[in-house]
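Colleague: here is the input, now give the coordinates:
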Amino acid sequence: MTIDLAYVQEILFLVLKGIPTTLRLTFIPLLIALPFAFLIAVARQRNIKILARVSQIYVSFIRGTPLIVQILVMYSLFPSLLNVLVRSQGLDYDVFGINPIYYAYIVFTLNTIAILSEVFRSALETVDKRQLEAALSIGLLPVQAYSRIVIPQALVAATPNLCNSTVNLLKSTSLAFLMSVQDITAIAKTEAAFGYNYLESYLVIFIVYIVLCSLVQVFFQLLEQRLSLYKRGRTVTKKTVMEPEYYEDVRKERYHAGIEEYS
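Modeller: Residues are numbered from 1 along each chain as shown. Predicted coordinates for the structure are as follows:
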């Protein structure tokens, strides 16, 4: 078994062109999912009856089905349903000509909302509820109490799990090739099919994903250090007071007197 180094160099430059698509598939769903996931987490934490129940069912459904099944259902079913809806309205629009990356955005966003809602819910539980009650008792609005007191503390606890979720999402984007999205994996598989150089192609994307995931982890480590600054407190410099020699002598006499008394 030999590795074609010339092909490795060639496929590497082609795969690098797919990185922007992979990053868009990662961070656009992540940014869209953040506010919705936080609202679901707050609703479940505060036990808002209807919203908490609906969100619990939604989270259980998303977590209980494989991502690849969600992709296949979305890409097979949603365009057909959308086409029926468009035709029923008498519109002349080619639904099947829509860029498949938008379907990928929808799938990854729905999946990420469910995952991040659990991340935020567990992080909110780490903050003492009495802090929120105290903030509300002094007249702060719930939005002010969360933004100034609860969220800064919860973010520190959520950062490691948020990092894991982002890395998992980045790796999950490799399934977007099932929807004909030209990401890193799709480009490598397509090029490998011409000369059956699958080993070289898979080794290249293996290394590329390791580098991307490592960069994401470094970013979140720096973010966690930044968010944890409040835990370090402030260094207070104590002023040294020069005492007269008289008080020093008095302390020495009392010290020796105590020793003689208990000896």
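
Colleague: quick check: mean pLDDT across stretch 52-69?
Modeller: In this model, stretch 52-69 has a mean pLDDT of 91.

Colleague: buried residues in that stretch?
Modeller: Of the residues in stretch 52-69, A52, S55, V59, I62 count as buried by neighbour count, 16 or more other Cβ atoms under 10 Å. For glycine as for every other residue, the C-beta is placed from the backbone atoms N, C-alpha and C.

Colleague: the first one touches R44, doesn't it?
Modeller: Yes. Because the distance of 4.9 Å satisfies Cβ atoms under 8 Å, A52 is recorded as touching R44.

Colleague: could you list the low-pLDDT ranges of the stretch 1-150 of the chain?
Modeller: 1 (pLDDT under 70).

Colleague: what ranges does the stretch 151-263 of the chain have for its helices?
Modeller: Assigned by DSSP state H, counting those that start in this stretch, the stretch 151-263 of the chain shows helices spanning 151-172, 184-195, 198-227, 229-232, 245-262.

Colleague: chain center to the third one: distance?
Modeller: Relative to the centre of its chain, helix 198-227 is centred 14 Å away, using Cα atoms, centre = their mean, to the nearest Å.

Colleague: what is it packed up against?
Modeller: helix 5-16, helix 19-45, helix 151-172, helix 184-195 (3 or more Cβ pairs under 8 Å, 6 or more residues apart in numbering; DSSP states H and E).

Colleague: and with 6 Å instead?
Modeller: Packing partners of helix 198-227 (3 or more Cβ pairs under 6 Å, 6 or more residues apart in numbering; DSSP states H and E): helix 5-16, helix 151-172, helix 184-195.

Colleague: in a markdown table, list those along with mean neighbour count and distance to I71.
Modeller: Shown next, in a markdown table, are the helices and strands packed on helix 198-227 (neighbours: other Cβ atoms under 10 Å; distance: least, Cβ to Cβ, whole Å):
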| stretch | mean neighbour count | distance to I71 |
| --- | --- | --- |
| helix 5-16 | 14 | 21 |
| helix 151-172 | 18 | 9 |
| helix 184-195 | 18 | 13 |
